[in-house]
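> Sequence first, then the predicted structure:
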Amino acid sequence: MKPILFNTEMVQAFLAGRKTATRRAVKLHHLHVLDSPYHWEHPETPEEVLIERLCEPPCCPGDILYVRETWVIIGTDGTHYKYGYKADNEWLVPLWHPSIHMPRDAARIFLRVTGVRVERLQKMEIADFKAEGILPRRPKDLSGHGGDCAWKHDRCLESPCANRDAYEYLCWRDTFLKVWDSTIKPADIALCGWGANPLVWVIEFEQISKREAELGGHHAQN
């Protein structure tokens, strides 16, 4: 069982049942394979395929992951610790423990990997943004009021609109790119930020119970 880190917003997406995928930037040293003798000899091989063939992925289909999130110990029953989680918005404590330090015993979200592939970040479509668990935010129109399309005109909702698909895409994309860039170190934005359109590992998964995770991902038997 492997750990995987998520921020509070994404943990809330898990709890709401919205998140079924995540993207992680291909490690910079893996990109060296794009300038390798193999690639010179097989220049027709797409870079995504090359990364998948020659680089170790962060996980593989069938792997079980446990989610690390911001947490705190809130008590004990004498045998086991009791934990609180920042994503629940109810444990208002001054000192949260970083997700990277969360022990497996404190985990409450478990995932079974169903697919792993490599692609460019900006290849995402609306269905991909939805699978990431985000919610779209409507940009403000010129009057400063939120929720309206900047291209809105009289009776536009009563007739076909050539801009509607583009508007919907932008509402989802702009939300995701802000979340994505917030997870990238400032020094790496030029290489891994949304605008750089980096190669990413796309990891798809399904949530499973703690019992299933302990059994290696197999359904628990009665």
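Yes, it's here.
> which SS class is residue 204?
strand (DSSP: H, G, I helix; E, B strand; the rest coil).
> Is residue 173 in contact with residue 129, as I believe?
Yes - with contacts defined as CB atoms under 8 Å, residue 173 counts as touching residue 129 at a distance of 6.7 Å. For glycine as for every other residue, the C-beta is placed from the backbone atoms N, C-alpha and C.
> In terms of packing, which of the two has more residues around it?
residue 129 (22 against 19; other CB atoms under 10 Å).
> Tell me how far that one lies from residue 10.
Look at residue 129 and residue 10: by CB to CB, to the nearest Å, they are 13 Å apart.
> before we move on, what about residue 167?
25 Å.
> One more: residue 197?
From residue 197 to residue 10 the distance is 21 Å (CB to CB).
> And the two? Which one has more around it.
Remark: of residue 197 and residue 10, residue 10 carries more neighbours, 21 against 12, as counted by other CB under 10 Å.
> Sketch out the low-pLDDT regions of this structure for me.
30, 38-40, 90-92, 138-163, 217-222 (pLDDT under 70).
> Which single helix of it contains the most residues?
Secondary structure of the chain read by DSSP state H shows that its longest helix is helix 164-182.
> Show me what that helix is packed up against.
helix 126-131 (3 or more CB pairs under 8 Å, 6 or more residues apart in numbering; DSSP states H and E).
> can I get the CA coordinates of the helix it packs on in CSV?
Output in CSV follows, covering the C-alpha atoms of helix 126-131 (Å, rounded to 0.1, in the frame of the first residue of the first chain):
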residue,chain,number,x,y,z
ILE,A,126,-14.3,19.2,-19.4
ALA,A,127,-14.8,15.5,-18.5
ASP,A,128,-11.2,15.4,-17.2
PHE,A,129,-11.7,18.5,-15.1
LYS,A,130,-14.8,16.9,-13.6
ALA,A,131,-12.9,13.7,-12.8
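> With that, I have no additional questions.
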